[in-house]
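Fold the stuff below for me.
(4 chains)
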There are 2 protein chains.
Amino acid sequence: MTSATPYHHGDLPRVLRAAAAEVLAERGVAGFSLREVARRAGVSHAAPAHHFGDATGLLTAVAVEGFRYLTEATRAAAASSDDPLDSLVAVGRAYVSVALDHPGHVAVAFRWDIVDVDDPDYQDWGNQAFAVLEGAIERLAAERNPDLDIGLASALCWSMVEGLLIVHLPLAAMTERKGGAAVPPIPDLAEAFTRLMVHGLAP
Amino acid sequence: MTSATPYHHGDLPRVLRAAAAEVLAERGVAGFSLREVARRAGVSHAAPAHHFGDATGLLTAVAVEGFRYLTEATRAAAASSDDPLDSLVAVGRAYVSVALDHPGHVAVAFRWDIVDVDDPDYQDWGNQAFAVLEGAIERLAAERNPDLDIGLASALCWSMVEGLLIVHLPLAAMTERKGGAAVPPIPDLAEAFTRLMVHGLAP
DNA sequence: GTTGGGTCTTGACGGCGTCAAGATCTAATC
DNA sequence: GATTAGATCTTGACGCCGTCAAGACCCAAC
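As a prediction, this is how the structure comes out:
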(Lines give C-alpha, C1' and ligand atoms only; values in the text may rest on other atoms or scores of the structure.)
Protein backbone atom coordinates (compact mmCIF):
# COMPACT_ATOMS: atom_id res chain seq x y z
CA MET A 1 0.00 0.00 0.00
CA THR A 2 1.14 3.46 -0.82
CA SER A 3 0.67 6.19 1.71
CA ALA A 4 -2.73 6.85 3.15
CA THR A 5 -4.87 3.81 2.43
CA PRO A 6 -7.65 3.98 4.98
CA TYR A 7 -8.47 1.38 7.55
CA HIS A 8 -10.16 -1.72 6.30
CA HIS A 9 -11.65 -1.64 2.92
CA GLY A 10 -9.62 0.93 1.06
CA ASP A 11 -11.64 4.10 0.48
CA LEU A 12 -15.06 2.57 0.75
CA PRO A 13 -16.82 5.92 0.22
CA ARG A 14 -15.35 6.18 -3.25
CA VAL A 15 -16.40 2.62 -4.08
CA LEU A 16 -19.89 3.32 -2.80
CA ARG A 17 -20.26 6.47 -4.87
CA ALA A 18 -19.16 4.59 -7.97
CA ALA A 19 -21.53 1.71 -7.26
CA ALA A 20 -24.37 4.15 -6.65
CA ALA A 21 -23.72 5.92 -9.95
CA GLU A 22 -23.68 2.53 -11.66
CA VAL A 23 -27.03 1.51 -10.19
CA LEU A 24 -28.52 4.90 -11.08
CA ALA A 25 -27.29 4.60 -14.66
CA GLU A 26 -28.64 1.07 -15.02
CA ARG A 27 -31.96 1.26 -13.23
CA GLY A 28 -32.71 4.95 -12.93
CA VAL A 29 -33.57 6.85 -9.80
CA ALA A 30 -36.69 4.77 -9.23
CA GLY A 31 -34.71 1.53 -9.24
CA PHE A 32 -32.06 2.78 -6.87
CA SER A 33 -31.54 0.89 -3.63
CA LEU A 34 -28.99 1.29 -0.88
CA ARG A 35 -28.84 -2.46 -0.38
CA GLU A 36 -28.06 -3.05 -4.05
CA VAL A 37 -25.23 -0.53 -3.84
CA ALA A 38 -23.85 -2.27 -0.76
CA ARG A 39 -24.12 -5.62 -2.55
CA ARG A 40 -22.08 -4.36 -5.52
CA ALA A 41 -19.48 -2.86 -3.22
CA GLY A 42 -19.20 -6.19 -1.43
CA VAL A 43 -20.13 -4.86 1.99
CA SER A 44 -23.03 -5.39 4.35
CA HIS A 45 -26.33 -3.61 3.81
CA ALA A 46 -25.73 -1.14 6.64
CA ALA A 47 -22.19 -0.13 5.69
CA PRO A 48 -23.18 2.89 3.55
CA ALA A 49 -25.00 4.47 6.46
CA HIS A 50 -21.76 4.83 8.37
CA HIS A 51 -20.22 7.06 5.69
CA PHE A 52 -23.21 8.84 4.24
CA GLY A 53 -25.82 8.76 6.98
CA ASP A 54 -28.71 7.66 4.81
CA ALA A 55 -29.77 7.25 1.20
CA THR A 56 -30.11 11.00 0.74
CA GLY A 57 -26.52 11.46 1.89
CA LEU A 58 -25.15 9.04 -0.67
CA LEU A 59 -27.26 10.46 -3.47
CA THR A 60 -26.14 13.96 -2.53
CA ALA A 61 -22.51 12.86 -2.71
CA VAL A 62 -23.11 11.48 -6.19
CA ALA A 63 -24.85 14.70 -7.23
CA VAL A 64 -21.88 16.74 -5.97
CA GLU A 65 -19.55 14.59 -8.02
CA GLY A 66 -21.82 15.22 -11.01
CA PHE A 67 -21.63 18.98 -10.56
CA ARG A 68 -17.88 18.66 -10.24
CA TYR A 69 -17.70 16.85 -13.59
CA LEU A 70 -19.95 19.46 -15.16
CA THR A 71 -17.86 22.30 -13.81
CA GLU A 72 -14.56 20.87 -15.01
CA ALA A 73 -15.81 19.86 -18.44
CA THR A 74 -17.62 23.12 -19.19
CA ARG A 75 -14.72 25.19 -17.84
CA ALA A 76 -12.34 23.48 -20.25
CA ALA A 77 -14.85 23.88 -23.08
CA ALA A 78 -15.36 27.57 -22.37
CA ALA A 79 -11.62 28.14 -22.70
CA SER A 80 -11.41 26.21 -25.95
CA SER A 81 -12.13 29.17 -28.22
CA ASP A 82 -11.72 32.92 -28.28
CA ASP A 83 -14.94 33.48 -30.17
CA PRO A 84 -17.67 33.86 -27.54
CA LEU A 85 -20.29 32.09 -29.63
CA ASP A 86 -18.07 29.09 -30.31
CA SER A 87 -17.19 29.10 -26.65
CA LEU A 88 -20.84 29.03 -25.60
CA VAL A 89 -21.60 26.27 -28.08
CA ALA A 90 -18.70 24.24 -26.71
CA VAL A 91 -20.05 24.69 -23.18
CA GLY A 92 -23.40 23.32 -24.27
CA ARG A 93 -21.83 20.35 -26.00
CA ALA A 94 -19.65 19.65 -22.98
CA TYR A 95 -22.64 19.77 -20.68
CA VAL A 96 -24.59 17.10 -22.51
CA SER A 97 -21.46 15.05 -23.07
CA VAL A 98 -20.96 14.81 -19.33
CA ALA A 99 -24.58 13.71 -19.02
CA LEU A 100 -23.94 10.99 -21.58
CA ASP A 101 -20.66 9.88 -20.00
CA HIS A 102 -21.95 9.98 -16.42
CA PRO A 103 -25.68 9.36 -16.67
CA GLY A 104 -26.00 8.23 -13.08
CA HIS A 105 -24.40 11.39 -11.73
CA VAL A 106 -26.39 13.86 -13.76
CA ALA A 107 -29.62 11.95 -13.13
CA VAL A 108 -29.62 13.06 -9.50
CA ALA A 109 -28.00 16.49 -9.76
CA PHE A 110 -31.35 18.28 -10.12
CA ARG A 111 -33.52 15.94 -8.10
CA TRP A 112 -34.20 18.35 -5.24
CA ASP A 113 -36.65 15.93 -3.71
CA ILE A 114 -34.14 13.16 -3.05
CA VAL A 115 -31.02 15.22 -2.40
CA ASP A 116 -29.97 17.40 0.52
CA VAL A 117 -30.15 20.83 -1.06
CA ASP A 118 -28.68 22.42 2.09
CA ASP A 119 -25.43 20.49 1.74
CA PRO A 120 -22.60 23.06 1.42
CA ASP A 121 -20.66 21.07 -1.17
CA TYR A 122 -23.81 20.62 -3.21
CA GLN A 123 -24.52 24.33 -3.25
CA ASP A 124 -20.90 25.23 -3.86
CA TRP A 125 -20.36 23.00 -6.86
CA GLY A 126 -23.80 23.81 -8.21
CA ASN A 127 -22.95 27.49 -8.11
CA GLN A 128 -19.58 26.89 -9.72
CA ALA A 129 -21.15 24.98 -12.59
CA PHE A 130 -23.62 27.81 -13.13
CA ALA A 131 -20.87 30.41 -12.93
CA VAL A 132 -19.06 28.82 -15.88
CA LEU A 133 -22.15 29.22 -18.03
CA GLU A 134 -22.67 32.75 -16.78
CA GLY A 135 -19.10 33.63 -17.72
CA ALA A 136 -19.61 32.37 -21.25
CA ILE A 137 -22.80 34.41 -21.59
CA GLU A 138 -21.03 37.45 -20.20
CA ARG A 139 -18.31 37.30 -22.85
CA LEU A 140 -20.93 36.90 -25.55
CA ALA A 141 -22.78 39.92 -24.25
CA ALA A 142 -19.65 42.02 -23.97
CA GLU A 143 -18.75 41.44 -27.57
CA ARG A 144 -22.12 41.31 -29.28
CA ASN A 145 -24.99 42.58 -27.18
CA PRO A 146 -24.13 44.87 -24.25
CA ASP A 147 -27.80 45.30 -23.35
CA LEU A 148 -28.30 41.60 -22.64
CA ASP A 149 -29.63 40.68 -19.20
CA ILE A 150 -26.91 38.22 -18.28
CA GLY A 151 -28.68 36.61 -15.35
CA LEU A 152 -31.82 36.03 -17.39
CA ALA A 153 -29.94 34.72 -20.38
CA SER A 154 -27.87 32.36 -18.24
CA ALA A 155 -30.97 31.02 -16.55
CA LEU A 156 -32.52 30.53 -19.95
CA CYS A 157 -29.55 28.54 -21.25
CA TRP A 158 -29.40 26.51 -18.08
CA SER A 159 -33.08 25.63 -18.39
CA MET A 160 -32.73 24.86 -22.06
CA VAL A 161 -29.91 22.36 -21.65
CA GLU A 162 -31.48 20.72 -18.63
CA GLY A 163 -34.80 20.46 -20.43
CA LEU A 164 -33.00 19.01 -23.41
CA LEU A 165 -31.55 16.27 -21.23
CA ILE A 166 -34.80 15.49 -19.47
CA VAL A 167 -37.16 15.67 -22.41
CA HIS A 168 -35.20 14.72 -25.49
CA LEU A 169 -32.47 12.40 -24.30
CA PRO A 170 -34.85 9.67 -23.12
CA LEU A 171 -37.14 10.40 -26.04
CA ALA A 172 -34.27 9.85 -28.43
CA ALA A 173 -33.32 6.65 -26.65
CA MET A 174 -36.90 5.45 -26.92
CA THR A 175 -37.41 6.11 -30.62
CA GLU A 176 -33.98 4.61 -31.23
CA ARG A 177 -34.96 1.50 -29.29
CA LYS A 178 -38.11 1.18 -31.36
CA GLY A 179 -36.21 1.49 -34.61
CA GLY A 180 -37.86 4.80 -35.40
CA ALA A 181 -36.45 7.54 -37.54
CA ALA A 182 -32.79 8.24 -36.89
CA VAL A 183 -32.31 10.87 -34.20
CA PRO A 184 -29.44 13.38 -34.34
CA PRO A 185 -26.79 12.96 -31.64
CA ILE A 186 -27.73 14.89 -28.52
CA PRO A 187 -24.61 17.10 -28.53
CA ASP A 188 -25.49 18.18 -32.07
CA LEU A 189 -28.98 18.98 -30.89
CA ALA A 190 -27.51 21.03 -28.06
CA GLU A 191 -25.43 22.98 -30.54
CA ALA A 192 -28.43 23.58 -32.80
CA PHE A 193 -30.44 24.79 -29.81
CA THR A 194 -27.67 27.12 -28.73
CA ARG A 195 -27.21 28.69 -32.15
CA LEU A 196 -30.94 29.10 -32.66
CA MET A 197 -31.24 30.70 -29.24
CA VAL A 198 -28.42 33.14 -29.87
CA HIS A 199 -29.82 34.05 -33.27
CA GLY A 200 -33.42 34.24 -32.14
CA LEU A 201 -36.48 32.43 -33.41
CA ALA A 202 -37.81 35.55 -35.12
CA PRO A 203 -35.32 38.36 -34.63
CA MET B 1 -77.68 8.74 -8.24
CA THR B 2 -77.83 9.96 -11.80
CA SER B 3 -77.30 7.52 -14.63
CA ALA B 4 -74.17 5.41 -14.64
CA THR B 5 -72.73 5.40 -11.14
CA PRO B 6 -70.40 2.43 -11.05
CA TYR B 7 -70.63 -0.51 -8.75
CA HIS B 8 -69.60 0.03 -5.17
CA HIS B 9 -67.55 3.01 -4.41
CA GLY B 10 -68.58 5.51 -6.98
CA ASP B 11 -65.85 5.98 -9.58
CA LEU B 12 -62.97 4.80 -7.46
CA PRO B 13 -60.46 5.29 -10.29
CA ARG B 14 -61.16 9.00 -10.30
CA VAL B 15 -60.78 9.19 -6.52
CA LEU B 16 -57.52 7.28 -6.70
CA ARG B 17 -56.09 9.57 -9.37
CA ALA B 18 -56.98 12.60 -7.30
CA ALA B 19 -55.48 11.09 -4.16
CA ALA B 20 -52.33 10.16 -6.08
CA ALA B 21 -51.95 13.69 -7.40
CA GLU B 22 -52.41 14.99 -3.87
CA VAL B 23 -49.71 12.73 -2.46
CA LEU B 24 -47.38 13.65 -5.32
CA ALA B 25 -47.94 17.35 -4.72
CA GLU B 26 -47.34 17.04 -0.99
CA ARG B 27 -44.45 14.57 -0.82
CA GLY B 28 -42.99 14.53 -4.29
CA VAL B 29 -42.35 11.52 -6.44
CA ALA B 30 -39.93 10.07 -3.91
CA GLY B 31 -42.51 10.14 -1.14
CA PHE B 32 -45.22 8.54 -3.23
CA SER B 33 -46.73 5.31 -2.00
CA LEU B 34 -49.62 3.23 -3.29
CA ARG B 35 -50.69 2.37 0.23
CA GLU B 36 -50.89 6.02 1.23
CA VAL B 37 -53.07 6.71 -1.79
CA ALA B 38 -55.35 3.83 -0.84
CA ARG B 39 -55.48 5.14 2.71
CA ARG B 40 -56.60 8.59 1.56
CA ALA B 41 -59.21 7.08 -0.73
CA GLY B 42 -60.53 5.02 2.16
CA VAL B 43 -59.98 1.65 0.54
CA SER B 44 -57.76 -1.31 1.24
CA HIS B 45 -54.11 -1.31 0.22
CA ALA B 46 -54.67 -3.64 -2.72
CA ALA B 47 -57.66 -1.85 -4.23
CA PRO B 48 -55.67 0.36 -6.63
CA ALA B 49 -54.11 -2.68 -8.24
CA HIS B 50 -57.47 -3.81 -9.55
CA HIS B 51 -57.96 -0.64 -11.57
CA PHE B 52 -54.43 0.35 -12.50
CA GLY B 53 -52.47 -2.89 -12.34
CA ASP B 54 -49.53 -1.52 -10.38
CA ALA B 55 -47.96 1.71 -9.23
CA THR B 56 -46.71 2.48 -12.73
CA GLY B 57 -50.26 2.20 -14.03
CA LEU B 58 -51.63 4.71 -11.57
CA LEU B 59 -48.77 7.14 -12.11
CA THR B 60 -49.25 6.84 -15.86
CA ALA B 61 -52.94 7.68 -15.48
CA VAL B 62 -52.01 10.78 -13.48
CA ALA B 63 -49.45 11.76 -16.12
CA VAL B 64 -52.05 11.41 -18.86
CA GLU B 65 -54.39 13.66 -16.91
CA GLY B 66 -51.53 16.13 -16.63
CA PHE B 67 -50.97 16.14 -20.38
CA ARG B 68 -54.69 16.63 -20.83
CA TYR B 69 -54.63 19.70 -18.60
CA LEU B 70 -51.59 21.03 -20.47
CA THR B 71 -53.22 20.47 -23.84
CA GLU B 72 -56.46 22.17 -22.91
CA ALA B 73 -54.84 25.16 -21.19
CA THR B 74 -52.25 25.83 -23.87
CA ARG B 75 -54.82 25.36 -26.63
CA ALA B 76 -57.01 28.03 -25.08
CA ALA B 77 -54.00 30.27 -24.55
CA ALA B 78 -52.83 29.88 -28.13
CA ALA B 79 -56.21 31.08 -29.36
CA SER B 80 -56.22 34.08 -27.05
CA SER B 81 -54.42 36.41 -29.43
CA ASP B 82 -54.01 36.99 -33.14
CA ASP B 83 -50.44 38.16 -32.77
CA PRO B 84 -48.25 35.06 -33.02
CA LEU B 85 -45.73 36.33 -30.47
CA ASP B 86 -48.39 37.16 -27.90
CA SER B 87 -49.94 33.80 -28.63
CA LEU B 88 -46.66 31.97 -27.99
CA VAL B 89 -46.05 33.92 -24.82
CA ALA B 90 -49.54 33.00 -23.62
CA VAL B 91 -48.84 29.35 -24.32
CA GLY B 92 -45.70 29.52 -22.18
CA ARG B 93 -47.53 31.21 -19.34
CA ALA B 94 -50.36 28.70 -19.53
CA TYR B 95 -47.91 25.81 -19.42
CA VAL B 96 -46.26 26.87 -16.18
CA SER B 97 -49.60 27.90 -14.71
CA VAL B 98 -50.84 24.36 -15.14
CA ALA B 99 -47.69 23.15 -13.43
CA LEU B 100 -48.41 25.48 -10.52
CA ASP B 101 -52.08 24.54 -10.31
CA HIS B 102 -51.52 20.81 -10.69
CA PRO B 103 -48.03 20.16 -9.35
CA GLY B 104 -48.68 16.48 -8.72
CA HIS B 105 -49.76 15.85 -12.30
CA VAL B 106 -46.93 17.66 -14.02
CA ALA B 107 -44.38 16.16 -11.64
CA VAL B 108 -44.82 12.75 -13.27
CA ALA B 109 -45.55 13.73 -16.85
CA PHE B 110 -41.90 13.54 -17.91
CA ARG B 111 -40.71 10.87 -15.50
CA TRP B 112 -40.06 8.22 -18.14
CA ASP B 113 -38.53 5.93 -15.54
CA ILE B 114 -41.68 5.53 -13.47
CA VAL B 115 -44.34 5.80 -16.16
CA ASP B 116 -45.40 3.43 -18.91
CA VAL B 117 -44.17 5.29 -21.98
CA ASP B 118 -45.81 2.72 -24.26
CA ASP B 119 -49.29 3.55 -22.98
CA PRO B 120 -51.36 4.76 -25.97
CA ASP B 121 -53.18 7.47 -24.01
CA TYR B 122 -49.88 8.73 -22.66
CA GLN B 123 -48.37 9.01 -26.12
CA ASP B 124 -51.53 10.47 -27.60
CA TRP B 125 -51.97 13.26 -25.08
CA GLY B 126 -48.26 13.94 -24.99
CA ASN B 127 -48.29 14.39 -28.75
CA GLN B 128 -51.33 16.63 -28.58
CA ALA B 129 -49.72 18.88 -26.00
CA PHE B 130 -46.64 19.16 -28.18
CA ALA B 131 -48.75 19.85 -31.25
CA VAL B 132 -50.26 22.92 -29.63
CA LEU B 133 -46.82 24.38 -29.09
CA GLU B 134 -45.76 23.42 -32.58
CA GLY B 135 -48.81 25.22 -33.99
CA ALA B 136 -47.93 28.39 -32.14
CA ILE B 137 -44.37 28.24 -33.46
CA GLU B 138 -45.66 27.59 -36.94
CA ARG B 139 -47.79 30.74 -36.92
CA LEU B 140 -44.86 32.75 -35.63
CA ALA B 141 -42.67 31.42 -38.41
CA ALA B 142 -45.26 32.06 -41.10
CA GLU B 143 -45.55 35.68 -40.15
CA ARG B 144 -42.03 36.61 -39.14
CA ASN B 145 -39.41 34.05 -40.13
CA PRO B 146 -40.28 31.64 -42.96
CA ASP B 147 -36.83 30.04 -42.79
CA LEU B 148 -37.32 28.84 -39.23
CA ASP B 149 -36.91 25.11 -38.57
CA ILE B 150 -40.24 24.56 -36.86
CA GLY B 151 -39.46 21.15 -35.41
CA LEU B 152 -36.19 22.39 -33.94
CA ALA B 153 -37.71 25.58 -32.57
CA SER B 154 -40.61 23.69 -31.01
CA ALA B 155 -38.27 21.23 -29.37
CA LEU B 156 -36.23 24.15 -28.06
CA CYS B 157 -39.26 25.85 -26.51
CA TRP B 158 -40.45 22.57 -25.05
CA SER B 159 -37.06 21.99 -23.46
CA MET B 160 -36.89 25.56 -22.21
CA VAL B 161 -40.19 25.49 -20.39
CA GLU B 162 -39.62 22.04 -18.96
CA GLY B 163 -36.14 23.03 -17.79
CA LEU B 164 -37.63 26.17 -16.28
CA LEU B 165 -40.02 24.07 -14.23
CA ILE B 166 -37.41 21.58 -13.12
CA VAL B 167 -34.55 23.94 -12.40
CA HIS B 168 -36.05 27.26 -11.38
CA LEU B 169 -39.40 26.43 -9.85
CA PRO B 170 -37.95 24.47 -6.90
CA LEU B 171 -35.04 26.88 -6.73
CA ALA B 172 -37.44 29.77 -6.40
CA ALA B 173 -39.39 27.90 -3.74
CA MET B 174 -36.16 27.25 -1.87
CA THR B 175 -34.82 30.81 -1.85
CA GLU B 176 -38.31 31.98 -0.97
CA ARG B 177 -38.41 29.56 1.96
CA LYS B 178 -35.07 30.83 3.18
CA GLY B 179 -36.19 34.44 3.01
CA GLY B 180 -33.74 35.20 0.23
CA ALA B 181 -34.16 37.88 -2.39
CA ALA B 182 -37.63 38.08 -3.87
CA VAL B 183 -38.00 35.90 -6.93
CA PRO B 184 -40.18 36.90 -9.88
CA PRO B 185 -43.31 34.80 -10.38
CA ILE B 186 -42.59 31.80 -12.56
CA PRO B 187 -45.11 32.73 -15.27
CA ASP B 188 -43.34 36.09 -15.62
CA LEU B 189 -40.05 34.27 -15.90
CA ALA B 190 -41.55 32.06 -18.60
CA GLU B 191 -42.64 35.14 -20.53
CA ALA B 192 -39.20 36.73 -20.19
CA PHE B 193 -37.59 33.53 -21.42
CA THR B 194 -39.94 33.34 -24.39
CA ARG B 195 -39.39 36.92 -25.48
CA LEU B 196 -35.65 36.64 -25.09
CA MET B 197 -35.63 33.45 -27.08
CA VAL B 198 -37.69 34.90 -29.90
CA HIS B 199 -35.57 38.01 -29.98
CA GLY B 200 -32.25 36.18 -29.66
CA LEU B 201 -29.43 36.53 -27.15
CA ALA B 202 -27.15 38.22 -29.66
CA PRO B 203 -29.02 38.62 -32.94
C1' DG C 1 0.31 -5.38 25.53
C1' DT C 2 -3.38 -2.86 26.31
C1' DT C 3 -6.67 0.44 25.30
C1' DG C 4 -9.58 3.33 22.37
C1' DG C 5 -12.11 4.66 18.40
C1' DG C 6 -13.19 4.32 13.77
C1' DT C 7 -15.08 0.59 10.63
C1' DC C 8 -18.13 -2.75 9.47
C1' DT C 9 -21.60 -6.76 10.51
C1' DT C 10 -25.60 -8.77 12.39
C1' DG C 11 -30.23 -8.78 13.58
C1' DA C 12 -34.48 -6.62 14.07
C1' DC C 13 -38.41 -3.49 12.97
C1' DG C 14 -42.02 -1.31 10.27
C1' DG C 15 -43.40 0.15 5.62
C1' DC C 16 -43.61 -0.87 0.99
C1' DG C 17 -45.37 -3.30 -3.72
C1' DT C 18 -47.32 -7.28 -5.31
C1' DC C 19 -49.73 -11.61 -5.57
C1' DA C 20 -53.31 -15.22 -4.43
C1' DA C 21 -57.48 -16.32 -2.34
C1' DG C 22 -61.73 -15.21 -0.59
C1' DA C 23 -65.65 -12.16 0.55
C1' DT C 24 -69.11 -8.89 -1.12
C1' DC C 25 -71.96 -6.67 -4.05
C1' DT C 26 -74.28 -5.41 -8.72
C1' DA C 27 -76.58 -6.63 -12.80
C1' DA C 28 -78.54 -9.63 -15.86
C1' DT C 29 -81.10 -13.87 -16.53
C1' DC C 30 -84.64 -17.16 -15.68
C1' DG D 1 -88.29 -12.42 -7.17
C1' DA D 2 -84.58 -15.96 -6.76
C1' DT D 3 -80.30 -17.33 -8.97
C1' DT D 4 -76.21 -16.96 -11.25
C1' DA D 5 -72.05 -14.58 -13.17
C1' DG D 6 -68.71 -11.37 -12.94
C1' DA D 7 -66.78 -7.21 -11.43
C1' DT D 8 -65.17 -5.04 -7.11
C1' DC D 9 -62.84 -4.90 -3.02
C1' DT D 10 -60.58 -7.16 1.37
C1' DT D 11 -57.51 -10.06 3.77
C1' DG D 12 -53.27 -12.17 4.45
C1' DA D 13 -48.83 -13.37 3.06
C1' DC D 14 -44.21 -12.82 0.88
C1' DG D 15 -39.82 -10.64 -0.04
C1' DC D 16 -37.37 -6.27 -0.48
C1' DC D 17 -36.47 -1.97 1.31
C1' DG D 18 -34.35 1.88 4.72
C1' DT D 19 -33.07 2.56 9.23
C1' DC D 20 -31.63 1.74 13.90
C1' DA D 21 -29.19 -0.54 17.91
C1' DA D 22 -25.83 -3.60 19.43
C1' DG D 23 -21.86 -5.99 18.88
C1' DA D 24 -17.57 -7.71 16.44
C1' DC D 25 -13.35 -6.41 14.31
C1' DC D 26 -9.22 -4.10 13.36
C1' DC D 27 -5.78 -0.54 13.21
C1' DA D 28 -3.07 2.86 15.79
C1' DA D 29 -1.46 5.13 19.55
C1' DC D 30 0.10 4.81 24.11
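
how does chain A divide into domains?
A:8-53, A:63-199 (automatic domain parsing).

Of the ones you listed, flag the one that's most buried.
Ranked by mean neighbour count under mean count of other C-beta atoms under 10 Å in any protein chain shown, those are led by domain A:63-199, which reaches a mean of 19. In this view, the C-beta of every residue, glycine as well, is placed from N, C-alpha and C.

Check whether that one comes near DNA strand D.
No - judged by C-beta under 7 Å from any atom of the strand, domain A:63-199 stays clear of DNA strand D, getting no closer than 10.2 Å.

What is the end-to-end distance of that domain?
The separation between the terminal residues of domain A:63-199, taken as C-alpha to C-alpha, to the nearest Å, is 33 Å.

Stretch A:74-94 too?
6 Å.

circling back to that earlier point, nearest to residue B:201, of the domains of chain A?
Nearest of the domains of chain A to residue B:201, taken as C-beta to C-beta: domain A:63-199 at 4.7 Å.

just the helices in chain A please.
If DSSP state H is used as the criterion, the helices of chain A fall at A:12-27, A:34-41, A:47-52, A:55-78, A:84-101, A:103-109, A:120-144, A:150-163, A:169-177, A:186-199.

Which stretch among those helices approaches residue B:168 most closely?
Short answer: helix A:150-163, nearest of the helices of chain A by C-beta to C-beta, at 6.4 Å.

For the closest one, enumerate the helices and strands it packs against.
helix A:84-101, helix A:120-144, helix A:186-199, helix B:150-163, helix B:186-199 (3 or more C-beta pairs under 8 Å, 6 or more residues apart in numbering or on different chains; DSSP states H and E).

For chain B, see how far away residue A:172 is.
Distance of residue A:172 to chain B, given as C-beta to the nearest C-beta, to the nearest Å: 11 Å.

I figured that residue hits residue A:182, correct?
No - at 9.8 Å, residue A:172 does not count as touching residue A:182 under the criterion of C-beta atoms under 8 Å.

just to revisit the earlier point, okay if I get the domains of chain A as JSON lines plus mean pLDDT?
Below are the domains of chain A laid out as JSON lines (pLDDT from 0 to 100):
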{"stretch": "domain A:8-53", "mean pLDDT": "95"}
{"stretch": "domain A:63-199", "mean pLDDT": "95"}
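
Can you lay out these as a markdown table showing distance to residue B:46?
Formatted as a markdown table, the domains of chain A follow (distance: least, C-beta to C-beta, whole Å):
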| stretch | distance to residue B:46 |
| --- | --- |
| domain A:8-53 | 21 |
| domain A:63-199 | 27 |
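
Indicate which one of those domains is closest to DNA strand C.
domain A:8-53 (3.0 Å; C-beta to the nearest atom of the strand).

Next, see if the closest one gets close to DNA strand D.
Yes - looking at domain A:8-53 against DNA strand D by C-beta under 7 Å from any atom of the strand, the contacts come from A:8, A:32-36, A:45-46, A:49.

Spatially central residue in chain A, please.
For chain A, the residue nearest the mean C-alpha position is residue A:106 (3.6 Å; C-alpha atoms, centre = their mean).

Correct me if wrong: it contacts residue A:67.
No - contact criterion C-beta under 8 Å: residue A:106 and residue A:67 do not qualify, at 9.1 Å.

Tell me if stretch A:48-55 is near chain B.
No - using C-beta under 8 Å from any C-beta of the partner chain, we find that stretch A:48-55 stays clear of chain B, coming within 9.6 Å at best.

Stretch A:92-111 now?
Yes - counting by C-beta under 8 Å from any C-beta, chain B is contacted by stretch A:92-111 at A:110-111.

Straight-line length of that stretch, end to end?
Using C-alpha to C-alpha, the end-to-end distance of stretch A:92-111 comes out at 20 Å.

likewise stretch A:116-125?
End-to-end distance for stretch A:116-125, by C-alpha to C-alpha: 13 Å.

Any idea how far that stretch is from the middle of the chain?
14 Å (C-alpha atoms, centre = their mean, to the nearest Å).

Tell me if that stretch is near chain B.
Yes - under the criterion of C-beta under 8 Å from any C-beta, chain B is reached by stretch A:116-125 at residue A:117.

what's that stretch in contact with?
A:56-57, A:60, A:63-64, A:67-68, A:71, A:115, B:174 (C-beta atoms under 8 Å, 6 or more residues apart in numbering or on different chains).

Equivalent analysis for stretch A:51-71, please.
A:12-13, A:16-17, A:20-21, A:24, A:32, A:34, A:37, A:48, A:95, A:98, A:101-102, A:104-106, A:108-109, A:111, A:114-116, A:119, A:121-122, A:125-126, A:128-129, A:132.

now stretch A:136-154
Contacts for stretch A:136-154 (C-beta under 8 Å, 6+ apart): A:78, A:84-85, A:87-88, A:91, A:130, A:133-134, A:157, A:198, B:192-193, B:196, B:201-203.

re earlier: from the contacts of stretch A:51-71, which are also near DNA strand C?
Okay, of these touching DNA strand C (C-beta under 7 Å from any atom of the strand), that's residue A:12.

Pick out the most distant pair among the residues of domain A:8-53 next to DNA strand D.
It's A:8 and A:32 that sit farthest apart of those, by C-beta to C-beta, at 25.2 Å.

excluding its backbone neighbours, what's nearest residue A:103?
Counting by C-beta to C-beta, 6 or more residues apart in numbering or on different chains, residue A:25 is the residue found nearest to residue A:103 once chain neighbours are left out, at 4.5 Å.

Surely the one you found and residue A:106 touch.
No - if you go by C-beta under 8 Å, residue A:25 and residue A:106 don't touch, sitting 9.6 Å apart.
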